[in-house]
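K.L.:
missing the sequence, but the structure's below:
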RNA sequence: GGAGUCGUAGUUCAGUUGGUUAGAACGCCAGCCUGUCACGUUGGAGGUCGCGGGUUCGAGUCCCGUCGGCUCCGCCA
């Protein structure tokens, strides 16, 4: 039989009591984490979000309460009235409350509980139940102290962000969730309109245009903790709905924005007692790609990419010669002390880089006797030259990829991270931040042979590249120059994660028109899609720019996890389903009828 | 859309070359136990080996398909 709570109030949490409370009468409420029954003596570990307190019941002392405790099981919800007693000779150093225990005089069973489908408390996080089971019972998984900590850290991070921007006179402005679909960028989640049959809203991929409009409206400094939606496939750090810190300012230059990026992240990282440099290191996009093969390099370790192209120009080894004559390059990384990699291991790494389009992975193992997969085709002398060019030392392995520049960067950049992970080269106490600047304005799309916006179509070109930009757009024969135009676009990177990105926007309608033309959008099409925005640009738009930071990725860094599901209360699976709610689900035919929607198959 | 990997008791896993009745630990149930905190101890219950098909005298094991979890490529202005 369950008890009623009545007027009882708890006096303390389960993480609160210390030796200083000894002698006090207290009331605790929480979940039974563990029961240890000794017949006439019973111990209960009582858990709430703040911690665990040991409760003791003895038959000798309070027979009624002790008898009631017999019926307790894991996850029952109880209230305990009792006295705080110092533990004599049985302190438990593993518990914050381990110096005391509560001798119960009365127990109320507030609710019972079924046996959980998996064990909440297991020694070591390695033996956790299968994630699909835990996702189905997410509310139980969330009871685990680790997830409790992560979700609370997220709340603290969001609070710190608000604190930062409020103090600096930014205005928090909410923008609509029901917007209009624009075909660029990610796939939209669309929402049918009942009132306007056959028409649809779209959920925001980000509040981009709206935040720019707040600048045109004269708010000067805007921010928002904004939910965003992108109907794309998931990754360990990507969910279809996620949260961004979105900010925008009027009259900034790039340094103005960098100051806010640095200031905000530095403020947030102090939550975990990490002090990032006031001025973050900078790398241009081109340099990041050249040295690390990535636009979000992890700078917690070295192992930079090195170019061997010049050393191999004279080779007649066809894969290399063809690569170089075709405008490709040959680069390497040096894994220190890994000359003992076995054939299996190098084969394994080759399979790894092939995912990124690399044809093969060549290697040189440097030692008393230097060996190489290229020895037969290049000869000892050339191998020695490559070793010296890569500055590899005895005991090192040189790993070489040849191919198109984009493939070499992608494969060696990924290999660099993979080796660091396998060989534990990453110092987990280190936090390496940087700002990557001067992103290219356009990316070439191989399939359609067109140029698409690398960031988004409102990004301003760099002043230095403005003439180049105009030439490339207006002279069809010079269209390929678009690939060389740099934008006032930047990313903030921490520990290899793209935590924020932004740009200075276009505020003049002529340049905006030019950009739409570059992207292959006729003025009619541009007007149809963004007419309201083009109109707005004509009424005195201030220069403006900003950035958006991924709340989840930032929290992943704060919590030291590599999985976005660890920092979201109710995440979805890799196939974008919610196993707890079983969503997405079907809807009633009457609902569809009301929306004039028919399912095609 | 593609690739890899995993799927055996409530949970985590083992399961030999295809061969008797599919095991262990934890959890669960019942008993004993006055200082445990991974309590101990005695006994017990618990299995559509993800699902479907095939090969075979015989399939958890081999083959084909399929579903689901995770990771990656494509995708993510």
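P.N.:
Alright, I've got the coordinates. The structure presented is a predicted model; accordingly, all values stated were derived computationally and were not measured.

K.L.:
in the stretch 101-250 of chain A, which spans are strands?
P.N.:
When secondary structure is read from DSSP state E, counting those that start in this stretch, the stretch 101-250 of chain A shows strands at A:171-172, A:190-192, A:200-202, A:221-229, A:241-250.

K.L.:
okay if I get those strands as a markdown table plus distance to residue A:511 and mean neighbour count?
P.N.:
Every residue, glycine included, has its C-beta placed from N, CA and C. Formatted as a markdown table, the strands of the stretch 101-250 of chain A follow (distance: least, CB to CB, whole Å; neighbours: other CB atoms under 10 Å):
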| stretch | distance to residue A:511 | mean neighbour count |
| --- | --- | --- |
| strand A:171-172 | 27 | 12 |
| strand A:190-192 | 31 | 15 |
| strand A:200-202 | 26 | 17 |
| strand A:221-229 | 22 | 21 |
| strand A:241-250 | 17 | 22 |
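
K.L.:
need the residues of the stretch 51-200 of chain A near RNA strand B, please.
P.N.:
A:54, A:56, A:58-60, A:73-74, A:87, A:90-92, A:94-95, A:98, A:101, A:115, A:117-119, A:122-123, A:127-133, A:135, A:182, A:184-187 (CB under 7 Å from any atom of the strand).

K.L.:
List buried residues within these.
P.N.:
A:54, A:56, A:58, A:59, A:74, A:87, A:95, A:98, A:101, A:128, A:129, A:135 (16 or more other CB atoms under 10 Å).

K.L.:
And the residue in the stretch 101-250 of chain A positioned nearest to RNA strand B, how far from residue A:530?
P.N.:
Here the stretch 101-250 of chain A gets closest to RNA strand B at one residue, residue A:185, 2.4 Å apart by CB to the nearest atom of the strand. In this view, residue A:185 and residue A:530 are 13 Å apart by CB to CB, to the nearest Å.

K.L.:
Then residue A:218?
P.N.:
Distance check for residue A:218 against residue A:530: by CB to CB, it reads 21 Å.

K.L.:
Which one of those two is surrounded by more residues?
P.N.:
For residue A:218 versus residue A:530, the count of surrounding residues by other CB atoms under 10 Å is larger for residue A:530: 20 against 9.

K.L.:
quick check: longest helix of chain A.
P.N.:
Longest helix of chain A, by residue count under DSSP state H: helix A:145-167.

K.L.:
and it, what does it pack onto?
P.N.:
Applying 3 or more CB pairs under 8 Å, 6 or more residues apart in numbering; DSSP states H and E, one finds that helix A:145-167 makes contact with strand A:171-172, strand A:221-229, helix A:254-269, helix A:551-559.

K.L.:
coming back round to it: dump the strands of the stretch 101-250 of chain A into JSON lines; add mean pLDDT as well.
P.N.:
Listed next are those as JSON lines, based on pLDDT from 0 to 100:
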{"stretch": "strand A:171-172", "mean pLDDT": "98"}
{"stretch": "strand A:190-192", "mean pLDDT": "96"}
{"stretch": "strand A:200-202", "mean pLDDT": "96"}
{"stretch": "strand A:221-229", "mean pLDDT": "98"}
{"stretch": "strand A:241-250", "mean pLDDT": "98"}
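
K.L.:
and these as TSV, adding distance to residue A:551?
P.N.:
Shown next, in TSV, are those (distance: least, CB to CB, whole Å):
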stretch	distance to residue A:551
strand A:171-172	14
strand A:190-192	23
strand A:200-202	21
strand A:221-229	7
strand A:241-250	4
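
K.L.:
which residue sits closest to the residue of the stretch 101-250 of chain A closest to RNA strand B, ignoring its sequence neighbours?
P.N.:
Nearest residue to residue A:185 in three dimensions, chain neighbours excluded: residue A:205, at 5.7 Å (CB to CB, 6 or more residues apart in numbering).

K.L.:
I figured the residue of the stretch 101-250 of chain A closest to RNA strand B hits residue A:458, correct?
P.N.:
No - between residue A:185 and residue A:458 there is no contact under CB atoms under 8 Å: 11.6 Å.

K.L.:
Could you list the residues of the stretch 301-450 of chain A in contact with RNA strand B?
P.N.:
A:355, A:356, A:410, A:414.

K.L.:
Low-confidence stretches in the stretch 351-500 of chain A?
P.N.:
Judged against pLDDT under 70, the stretch 351-500 of chain A has no low-scoring part.

K.L.:
try it again with 80
P.N.:
A:446-447 (pLDDT under 80).

K.L.:
would you list every one of the strands in it?
P.N.:
Going by DSSP E, counting those that start in this stretch, the stretch 351-500 of chain A shows strands at A:362-365, A:371-372, A:397-403, A:433-437, A:442-445, A:450-453, A:489-494, A:497-504.

K.L.:
Of these, give the one that comes closest to residue A:243.
P.N.:
Judged by CB to CB, the one of these that comes nearest to residue A:243 is strand A:497-504, at 12.8 Å.

K.L.:
Check which helices and strands the helix or strand encompassing residue A:287 sits against.
P.N.:
For residue A:287, the host element (DSSP states H and E) is helix A:285-292. Under the contact criterion of 3+ CB pairs under 8 Å, 6+ apart, helix A:285-292 touches helix A:405-422, strand A:433-437.

K.L.:
show me what contacts residue A:364?
P.N.:
Contact analysis of residue A:364 by CB atoms under 8 Å, 6 or more residues apart in numbering lists A:370, A:371, A:372, A:373, A:374, A:383, A:386, A:387, A:392, A:397, A:398, A:400.
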